[in-house]
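Trainee: Next come a sequence and a model predicted from it.
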Amino acid sequence: MTTIAADYQAKADKLCQTVDDLMTRENWEVVEDKNGVLIERMNSSNYDGYMFKMTFTTDMSMNDFMLVTQPRVLGGEREKWDTEMKKVSMVEEVTENLKIIRQETNKFGVGLVSPREFVVMAYKKTIPESNTLVHVMESVEHNECSEKEDIIRATRYPTGMHMSVVDNGFSFFLF
């Protein structure tokens, strides 16, 4: 593994640890608890505002859920339904579970919101002991991704999904 790849891996591992830490924090404020979906928030340490946590249980399999939520370059079909996604491309496959991708969005809101571009590290980690899948994403710099003049380079703050198998499907935590 190259030094740069090792840096990405270290960043991904740290982000997974952050997800685990957030799962156990007790200072989340309940925003809504309705129809089996619990939405909570807390002040973000990354920006001036809140980060949100959504927890629910679904009878959908983890594989089906990932198929719906992930772009093709990560094995999913998100482009089929997400009209904001213009293009998603693989920049580098660092390891089987750690990839650098470039996402471009369409302009929307009658052109009021300009197209955006994200260069993102996507990492998927399976924890066999607890039958859990952790999937995290965060913006990164990459030497093959110079900024384009006709699109705004945006930042994806750390985001993650923590999914655990339960009796009738899986429990899902998103931040």
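Mentor: It's in.
Trainee: show me where pLDDT drops low in the protein?
Mentor: 1-3, 167-175 (pLDDT under 70).
Trainee: could you pull out the helices for it?
Mentor: 3-24, 62-69 (DSSP state H).
Trainee: TSV for these, including distance to K53?
Mentor: Yep, even glycine has a C-beta here, placed from its N, CA and C like the rest. Shown next, in TSV, are the helices of the chain (distance: least, C-beta to C-beta, whole Å):
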stretch	distance to K53
helix 3-24	7
helix 62-69	16
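Trainee: Contacts made by stretch 127-137 with the rest, please.
Mentor: Stretch 127-137 is contacted from outside by 12, 15-16, 18-20, 62, 66, 120-126, 156, 158-165, using C-beta atoms under 8 Å, 6 or more residues apart in numbering.
Trainee: In ChimeraX, select just the buried ones from those residues.
Mentor: Of those, the buried ones can be selected in ChimeraX as follows, counting by 16 or more other C-beta atoms under 10 Å:
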select :12,15,16,18,19,62,66,120,121,122,123,124,125,156,158,160,161,162,163,164
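Trainee: what are the ranges of the strands in the protein?
Mentor: Ranges of strands within the chain are 29-34, 37-43, 50-58, 85-93, 98-105, 116-127, 132-139, 152-153, 159-166, 169-174, based on DSSP state E.
Trainee: if we look at the shortest one, which residues are touching it?
Mentor: Think strand 152-153. In contact with strand 152-153 (C-beta under 8 Å, 6+ apart) are residues 114-119, 147.
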